[in-house]
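> pasting the structure only:
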């Protein structure tokens, strides 16, 4: 828990500013995978314009670099399935009318299958060996994954969340995190959707939940002084 | 699994019609509690106009009566916490600026506490003794509850979902259900939000996910011929 000697990150968020104990905060980057971001992947087979997601990359590079500079815990997630699809619900595989279904061979390997090129994270945001990668079969990062144990091990209480897409995997994960008591700040510029309308409304719902029933804030990542975390930590020197 | 002798409910849903095996389908009614629906409860303490939710009651009464007539499994959920708040995350209790916080005494008992009058389901939709009531500490019905075990015990693969609010507890629960492989049909007229804009957009996101990444349909409950389930079951007589 925060105390007077603990560095607090003050974030210019909506609907109101929020102060987070940096030592109990992790950066969570959702599903920045080639299958969603690049031509030939799952996103495009669903008929989506993957170019809509490109705007999130540069903001996430910035916040990721800041997090790495300060030593903040970084967690990347990837949506995907085992090669035999044993963790893929039939309702998910059969859903919609994509040109390629989950498991089908595509230009970047089998669609949304762990270990294939398309399943991996885009080069610009590639995880360091020291960073945590969570493989998840669903939209939410908490279902059927070890993320809860990881967050508990590192004493994480707060999450800075970004990635794609705003209204699907980011929204689902933040909802799961809220129910589990994590304070979330969604980095608005570091999220994107194939549908700009859903990006805006997904953030608006999150802000409304912050005021009322969900408990999440959206923050402009450029206003998050992650350097403050580093400086204060060195100054106080009371946690590691 | 469905086979040629299994009664299928054909639902005029969006983005496209869907056929569900009725015997593997349950009606899931989310959080139709006095604390959200009536003056003096938690919803109103958050500054919301509870009158916005009233429109969902009559449609749910209709579908509930139809489900009861046919013997379809009915599950009600209630959001709330233990009297000592041991299952209420601090981030949730401290969230926002309600006039009464979770656990505070209000006109219908302690706000959002199990066993209090405000926590219970509204009289119009009161559960029969034979129906299942799931108490949940979060917005999602799957987090920290027995609902997964219940659905498995009854062989449920499909959920007809209604209740309040569209964009918070209904949306969160449907997202959880999708990740777990359940086919969901959200009964649009049987959902409501304090914010009409979020009701519409919450349904629109669900429909888009049906096409693409989430897998849910919205259906007009009046087009769901639950009687068909009953009649076909009697005719075929091959499951109980």
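Cool, got the structure. Keep in mind the model is a prediction, meaning the values are calculated, not measured.
> contacts and neighbour counts: CA atoms only from here.
Noted.
> any idea of the mean pLDDT for the helix ranked longest in chain A?
The longest helix of chain A (DSSP state H) is helix A:196-211. Mean pLDDT, helix A:196-211: 81.
> ok, now stretch A:173-182?
pLDDT averaged over stretch A:173-182 gives 93.
> flag every buried residue along whichever strand or helix holds residue A:152.
With secondary structure defined by DSSP states H and E, residue A:152 is part of helix A:147-153. Residues of helix A:147-153 classed as buried by neighbour count (16 or more other Cα atoms under 10 Å in any protein chain shown): A:147, A:151.
> who's in contact with it?
Residues outside helix A:147-153 that contact it (Cα atoms under 8 Å, 6 or more residues apart in numbering or on different chains): A:134, A:141, A:142, A:157.
> and for the third one, the neighbour number?
By that I understand residue A:142. By the criterion of other Cα atoms under 10 Å in any protein chain shown, residue A:142 has 23 neighbours.
> so how far is residue A:17 from it?
Residue A:142 sits 26 Å away from residue A:17, going by Cα to Cα, to the nearest Å.
> next: residue A:25.
16 Å.
> what about chain A, any weak spots by pLDDT?
Under the criterion pLDDT under 70, the flagged ranges of chain A are A:1-7, A:209-240.
> for it, which strand extends over the most residues?
In chain A, assigned by DSSP state E, the strand with the most residues is strand A:183-192.
> more crowded one of residue A:25 and residue A:17?
residue A:25 (23 against 12).
> now that one: closest residue in space that isn't a chain neighbour?
residue A:158 (4.5 Å; Cα to Cα, 6 or more residues apart in numbering or on different chains).
> next up, the contacts around the one you found.
Counted by Cα under 8 Å, 6+ apart, residue A:158 has contacts A:20, A:21, A:24, A:25, A:26, A:182, A:183, A:184, A:185.
> show me what secondary structure element comes after the helix holding residue A:152.
Assignment by DSSP H and E places the next element after helix A:147-153 at strand A:158-164.
> paired strands for that following strand, with orientation please.
Taking DSSP bridges as the criterion, strand A:158-164 forms sheet pairs with strand A:25-30 (parallel), strand A:183-192 (parallel).
> give me whichever of those is most buried.
strand A:183-192 (a mean of 26; mean count of other Cα atoms under 10 Å in any protein chain shown).
> would you map the strands across chain A?
A:8-11, A:13-14, A:18-21, A:25-30, A:73-79, A:105-106, A:109-110, A:132-136, A:158-164, A:183-192, A:216-219.
> list the helices and strands the second one packs on?
Just to be clear, that refers to strand A:13-14. The contact analysis (3 or more Cα pairs under 8 Å, 6 or more residues apart in numbering or on different chains; DSSP states H and E) places strand A:13-14 against strand A:216-219.
> what does chain A put close to chain B?
Residues of chain A lying close to chain B by Cα under 8 Å from any Cα of the partner chain are A:46, A:88-92, A:95-98, A:137-140, A:143, A:167-168, A:172, A:175-176, A:178-183, A:198, A:201, A:205, A:209-215.
> nearest residue to residue A:121 other than its sequence neighbours?
residue A:33 (4.1 Å).
> isn't that neighbour up against residue A:78?
Yes: counting by Cα atoms under 8 Å, residue A:33 touches residue A:78, with 6.7 Å between them.
> mutual contacts of those two, please.
In contact with both residue A:33 and residue A:78: A:119, A:120, A:121, using Cα under 8 Å, 6+ apart.
> count the residues that sit near residue A:49.
The burial count for residue A:49: 17, using other Cα under 10 Å.
> out of the shared contacts of residue A:33 and residue A:78, who's nearest residue A:56?
residue A:121 (13.7 Å; Cα to Cα).
> which residues does the spatially closest residue to residue A:184 that is not a sequence neighbour bridge with?
In space, and not counting its chain neighbours, residue A:184 is closest to residue A:159: 4.7 Å by Cα to Cα, 6+ apart. Judged by DSSP bridges, the bridge partners of residue A:159 are residue A:26, residue A:184.
> go on, the one 4 residues further on?
Beta-bridge partners recorded for residue A:163 (DSSP bridges): residue A:30, residue A:191.
> now swap in residue A:78 and tell me
According to DSSP bridges, the residues that bridge with residue A:78 are residue A:135.
> thought it was touching residue A:29?
No: the pair residue A:78 / residue A:29 is not scored as a contact, 9.2 Å apart, by Cα under 8 Å.
> highest neighbour count among the contacts of helix A:147-153?
residue A:141 (28 neighbours).
> about what we covered before: with distance to residue A:12 added, can I get the contacts of residue A:158 in JSON lines?
Shown next, in JSON lines, are the contacts of residue A:158 (distance: Cα to Cα, whole Å):
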{"residue": "A:20", "distance to residue A:12": "11"}
{"residue": "A:21", "distance to residue A:12": "15"}
{"residue": "A:24", "distance to residue A:12": "18"}
{"residue": "A:25", "distance to residue A:12": "16"}
{"residue": "A:26", "distance to residue A:12": "17"}
{"residue": "A:182", "distance to residue A:12": "18"}
{"residue": "A:183", "distance to residue A:12": "15"}
{"residue": "A:184", "distance to residue A:12": "13"}
{"residue": "A:185", "distance to residue A:12": "10"}
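> and those residues, which is closest to residue A:127?
residue A:26 (14.4 Å).
> residues in contact with the nearest residue to residue A:169 once chain neighbours are set aside?
Excluding the flanking residues, the one nearest residue A:169 by Cα to Cα, 6+ apart is residue A:139, at 4.6 Å. By Cα under 8 Å, 6+ apart, residue A:139 lies in contact with A:79, A:168, A:169, A:172, A:173, B:175, B:179, B:214.
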